[in-house]
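just a sequence and a predicted model for now, questions to come.
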Amino acid sequence: MAREFLSILPHRIWQLYSKLMPIPCRLCGTMSQHQAICLACLQNLPLLGDACPRCALPISNAYLCGHCLHQPPEQDLSFSLFPYLDPVDRLIADLKYHDKLFLSQFFAQLMGDKLRNRRQPDLLIPIPLHPNRLRQRGYNQSFELAKALSIKLGIPTSNRYLIRTIDTKSQASIPFKARKQNIQHAFKLIQTEVPAHIAIIDDVLTTGHTANAAVKQLRQAGAITIEIWTIARAIRHY
Ligand SMILES: [Zn+2]
Ligand SMILES: [Zn+2]
């Protein structure tokens, strides 16, 4: 009952409440203070570990993976915090589909700690939702994450660079091979100038086709270094 009540609180009220009162862990329900996830569940979350610097696929060394050596993706660098596995997939679904916007703060806190000591981009650009999807959902989880990262790292963010012009079906619901075709013309750049170093923010890096389409637009406008930062990296297709 208490958990259900807390789950529908607006984000700011939830933040205030969580500072004053213990809150139930999103994964096990144990009451904890100041955290969306209790310490025990937090320590059990699977970190990605060593990964290809260009596409974030898990590898045992810090050099490029075979995919990037043979067919490099559009982006220069990728960072993901977790492999896209249980229970991280459940937490991301909570953030994305169930209005648990406080999880953007939780993920940004962990991502920011890992990203703090590298050369910082000039701007964070969230992967946009099509206006129809935005209207249905009420928020863009990638922009929520970008805003939380912006505060954590002191890097500006804006959702006024890229727009989604095609209301593509959910990438997760169509066959793997059709995804590239589906997404490649989905974005449009609406600014004529972009900074030299950009990080694109999204929740999950899956096939990379979504990210590639966005990176191409930014590259054509003059961006030199483009990174993809995501909460999780899907690894099942490789
Ligand atoms: Zn827990
Ligand atoms: Zn790679």
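Thanks, I have the structure now. Ligands and ions are numbered 1, 2, ... in the order given.

low-confidence ranges, this protein, go.
Along the chain, segments meeting pLDDT under 70 span 1-20, 34, 62, 169-172, 176-177, 179-180, 236-238.

which bits of it sit near ligand 2?
Cys52, Arg54, Cys55, Leu57, Cys65, Cys68 (Cβ under 5 Å from the ion). Quick note: C-beta positions are derived from backbone N, CA and C, even for glycine.

out of those, name the ones that lie in helices.
Residues of these located in helices (DSSP state H): Cys68.

got phi/psi on the residue nearest the centre of the chain?
In the chain, the residue lying closest to the centroid (Cα atoms, centre = their mean) is Asp203, at 2.6 Å. Main-chain torsions, Asp203, degrees, to the nearest 10: phi -80, psi -50.

likewise Ile23?
phi -130, psi 160.

wait, it touches Ser32, no?
Yes. Contact status for Ile23 versus Ser32: in contact at 6.6 Å, counting by Cβ atoms under 8 Å.

and the closest residue to Gly49 other than its chain neighbours, what does it touch?
Excluding its sequence neighbours, the residue lying closest to Gly49 (Cβ to Cβ, 6 or more residues apart in numbering) is Pro58, at 6.4 Å. By Cβ atoms under 8 Å, 6 or more residues apart in numbering, the contact list for Pro58 reads Leu48, Gly49, Asp50, Ala51, Cys52, Pro83, Arg233, Ile235.

how far away is the third one from Ser60?
Asp50 sits 6 Å away from Ser60 when distances are taken as Cβ to Cβ, to the nearest Å.

just the last one next, same as before
In this structure, Ile235 and Ser60 are 14 Å apart, going by Cβ to Cβ.

okay, those two: which has more neighbours?
When neighbours are counted by other Cβ atoms under 10 Å, Ile235 and Ser60 differ, and Ile235 comes out ahead with 17 against 8.

host element of that one?
Using DSSP states H and E, Ile235 is not contained in any helix or strand.

Val204 too?
strand 197-205.

which element follows that strand toward the C-terminus?
Past strand 197-205, the next helix or strand by DSSP H and E is helix 209-220.

picking up where we left off before, turn the residues of the chain next to ligand 2 into TSV, columns for distance to Asn132.
Formatted as TSV, those follow (distance: Cβ to Cβ, whole Å):
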residue	distance to Asn132
Cys52	35
Arg54	33
Cys55	30
Leu57	32
Cys65	36
Cys68	34
